[in-house]
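**Q** sharing a model that was predicted from the sequence below.
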Amino acid sequence: MKFPMVMVHLLYFALLTLIVPSLAQFEPCDDEHHEMTYEAWRKDTSANYMSSSSTAPFNNDNRFNSEWIGFAGAAGVSIATSCRGMNKCGTRKPVWLVGDMPTVEHTTFDVDACIPDNETNCCAQILKVSVRTCRISSDSSQSFLIYKLATTPTDAAYCTVGDRNECLDNDYTCPANTRCVDKVFDTTDNKGYNCECIDGYTFNGQSCVDDNECVDPNICSSNSVCQNTVGSYRCICNSGYQMVGTTCQDVNECLVNKGGCSHQCLNTAGGYLCRCPRGFELSGTSTCVDIDECASNLDSCEQNCVNTIGYYFCQCWGGYDTTDHTNCLDIDECASPVDNTCHNNATCTNTAGSYICTL
């Protein structure tokens, strides 16, 4: 019997539909392929210790039957790898694992699970368990373990330990201006972290608001002013000062080009002054110009004053001579034949600043 070609094609694609899913790789780490449990009673804490006189029923894991299971939140993060003894972890016989755990992502180890019988016999019964390492998320470098767990007796359960760091896993929700702070998972708020204000912010009862650090008069060193910024502050040195370490120190402007002064520079706290030598005065703030002592009547000359750059000198009129660079004394020309031109038969008469000859 021959089938039409179209029927052959339909059968082919029907078979592919059945076969291809089974060929797809099964990844237990995928969320849909493992179950997370958050049972707080199984974690190894003092709150989950039981009295040795406790009676059945006990917490147990007889519901597990080779499914992949992970632990989170109040249940801790992993199954204990050392003996816990009896009557702990919320059950009569806490089950723990023996052997190395996988550390490379997407690798699986088969290990033994020990069920204690008493305080001295920690491994009276052995179950077979598979352990696989998974990544928290694609944007996290953190990993977690999942387990293919065997069914336990009715008086035994897998004991868990540890606490996940949600802050490192980027698995938290905090409002603006806060940071994630890890804590042991708290069943009160069902969180393993707190949100705290970042540095420079304070909680006002509703949100974290910027601190104005500048209200503290001592927040900055002397010779500076405080400028508040979003989430912080900065200290700005006053003019003439520069930040050295955490303090503002005076800048010696005179060390560079005399501070721009034409002659002398005098450093002061937070500034500098231009000074002039004797005979000069400031024109503006930095340039020294000559003082004309003669024009300003600043001289002490009795007769003529001659200005020079930076000073002056006194000059006597004709017929006078200086005695102390300031005062002038009349010259008696008649006292010396050299100083007058009178004829030998003439009489020389001295006058102020000169002389006369008479016959």
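**A** Nice, thanks for sending it over.
**Q** OK, contacts around residue 208?
**A** With contact set as CB atoms under 8 Å, 6 or more residues apart in numbering, residue 208 has these partners: 175, 176, 177, 178, 197, 198, 201, 202. (Each C-beta comes from the backbone N, C-alpha and C, glycine too.)
**Q** number of residues surrounding the fifth one?
**A** Translated: residue 197. Using other CB atoms under 10 Å, residue 197 has 19 other residues around it.
**Q** same check on the second one?
**A** Other residues near residue 176 come to 8 when the count uses other CB under 10 Å.
**Q** likewise residue 127?
**A** Neighbour count for residue 127, taken as other CB under 10 Å: 20.
**Q** same check on residue 324?
**A** 9.
**Q** cool, residue 210 as well?
**A** Neighbours around residue 210, by other CB under 10 Å: 16.
**Q** please apply the same query to residue 196.
**A** By other CB under 10 Å, 14 other residues sit near residue 196.
**Q** and it, what does it touch?
**A** Residues near residue 196 by CB under 8 Å, 6+ apart: 178, 179, 181.
**Q** what sits against the first one?
**A** Contact analysis of residue 178 by CB under 8 Å, 6+ apart lists 195, 196, 197, 198, 201, 208.
**Q** what about the helices in the protein?
**A** For the chain, the helices defined by DSSP state H cover 5-23.
**Q** lowest average confidence, helix or strand, in it?
**A** In the chain, no helix or strand scores lower on mean pLDDT, DSSP states H and E than helix 5-23, which sits at a mean of 49.
**Q** contact partners for the residue nearest to residue 51 when sequence neighbours are not counted?
**A** Leaving out its chain neighbours, the residue that sits closest to residue 51 by CB to CB, 6 or more residues apart in numbering is residue 87, at 6.9 Å. Going by CB under 8 Å, 6+ apart, residue 87 touches 49, 50, 51, 52, 54.
**Q** please flag which of the contacts of residue 208 sit within strands.
**A** 178, 197, 201, 202 (DSSP state E).
**Q** now render those as CSV, adding pLDDT and distance to residue 225.
**A** Shown next, in CSV, are the ones in strands among the contacts of residue 208 (pLDDT from 0 to 100; distance: CB to CB, whole Å):
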residue, pLDDT, distance to residue 225
178, 94, 30
197, 95, 26
201, 94, 22
202, 93, 22
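**Q** can you select the buried ones among the contacts of residue 87 for me in ChimeraX?
**A** In ChimeraX, a selection of the buried entries from these looks like this (16 or more other CB atoms under 10 Å):
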select :50
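**Q** closest one to residue 256 out of the contacts of residue 87, please.
**A** residue 49 (76.2 Å; CB to CB).
**Q** buried residues in stretch 143-160?
**A** 143-150, 152-154, 156-160.
**Q** where does the stretch 151-300 of the chain have low pLDDT?
**A** 187 (pLDDT under 70).
**Q** go with 80
**A** Within the stretch 151-300 of the chain, the ranges that satisfy pLDDT under 80 run 168-171, 185-190.
**Q** just the strands in it please.
**A** 156-158, 160-161, 178-186, 191-197, 201-203, 208-210, 224-229, 232-237, 241-244, 247-250, 264-268, 271-275, 280-283, 287-290 (DSSP state E, counting those that start in this stretch).
**Q** adjacent strands (with direction) for the last one?
**A** Within its sheet, strand 287-290 is paired with strand 280-283 (antiparallel), according to DSSP bridges.
**Q** on that earlier part again, for the strands of the stretch 151-300 of the chain, which one ends up most surrounded?
**A** strand 156-158 (a mean of 26; mean count of other CB atoms under 10 Å).
**Q** helices or strands up against that one?
**A** When contacts are defined as 3 or more CB pairs under 8 Å, 6 or more residues apart in numbering; DSSP states H and E, strand 156-158 packs onto strand 93-98.
**Q** which of the contacts of residue 196 lies closest to residue 69?
**A** Distances from residue 69 to these, taken by CB to CB, are shortest for residue 181, at 29.0 Å.
**Q** list the residues that contact residue 166.
**A** Contacts of residue 166 (CB under 8 Å, 6+ apart): 172, 180, 182, 191, 192, 193.
**Q** the strand of greatest length in the chain to strand 93-98, inter-axis angle?
**A** Ranked by residue count under DSSP E, the longest strand found in the chain is strand 125-135. Between strand 125-135 and strand 93-98, the angle comes out at 60 degrees (axes from the mean of the first three to the mean of the last three CA atoms, to 10 degrees).
**Q** widest-spaced pair of the buried residues of stretch 143-160?
**A** 143 and 154 (32.7 Å).
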